[in-house]
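*Asks:* A predicted structure for the sequence below; I have some questions about it.
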Amino acid sequence: MILVAAAALEVGGDALVRIGLRGSSYSLAAGAATLFAYGIVVNKSGLDFNQLMGVYIAIFFLVSQVISFVLFKQIPDDRMIVGGGFIVAGGLLILLMT
């Protein structure tokens, strides 16, 4: 659950920065604060750094697809689904084999 929260903070912070670059300085500041919070949360997981990044990247991919769809109405194409499947499979392999 910590990694899901971290992914939501990272993707949400990036989305706020993207919105802020279109003209809202409040969104830029909120994005910076959110990304800082992500850095703290992701490193509190207790996993070794190599395990952390392997599993986190898979979770990050899934959360980013959901937020991309909800905020920006972007639907993943076939390449994104196939490539994302490899990312998630790799994350599961790292998680289950350690």
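*Replies:* Perfect, thanks for sending it. On a predicted model such as this, the values are computed, not experimentally measured, just so you know.
*Asks:* What residues of the helix or strand bottoming out on mean pLDDT in the chain count as buried?
*Replies:* Lowest by mean pLDDT, DSSP states H and E among the helices and strands of the chain is helix 49-72, with a mean of 86. For helix 49-72, burial by neighbour count (16 or more other Cβ atoms under 10 Å) applies to 52, 54-65, 67-68. C-beta: built from backbone N, CA, C; applies to glycine.
*Asks:* same check, this time on stretch 27-40
*Replies:* Residues 27-28, 30-31, 34-35, 37-38 are the ones in stretch 27-40 that count as buried (16+ other Cβ under 10 Å).
*Asks:* What are the boundaries of the strands in the protein?
*Replies:* Secondary structure of the chain, counting by DSSP state E: no strands present.
*Asks:* quick one: furthest residue from the center of it?
*Replies:* In the chain, the residue that sits farthest from the middle, by Cα atoms, centre = their mean, is Gly23; the gap is 23.6 Å.
*Asks:* got any ranges where this protein has weak pLDDT?
*Replies:* Counting by pLDDT under 70, the ranges of the chain that qualify are 98.
*Asks:* How are the helices of it distributed by residue range?
*Replies:* With helices called from DSSP state H, the chain shows them at 2-20, 25-42, 49-72, 78-96.
*Asks:* Now do the second one: which elements does it pack against?
*Replies:* Read it as helix 25-42. Applying 3 or more Cβ pairs under 8 Å, 6 or more residues apart in numbering; DSSP states H and E, we find helix 25-42 packed against helix 2-20.
*Asks:* just checking, what packs against the helix it packs on?
*Replies:* Packing partners of helix 2-20 (3+ Cβ pairs under 8 Å, 6+ apart): helix 25-42, helix 49-72.
*Asks:* out of those helices, which comes closest to Val4?
*Replies:* Closest to Val4 of the helices and strands packed on helix 2-20, according to Cβ to Cβ: helix 49-72, at 5.9 Å.
*Asks:* between the closest one and helix 25-42, what angle do the directions make?
*Replies:* Between helix 49-72 and helix 25-42, the angle comes out at 150 degrees (axes from the mean of the first three to the mean of the last three Cα atoms, to 10 degrees).
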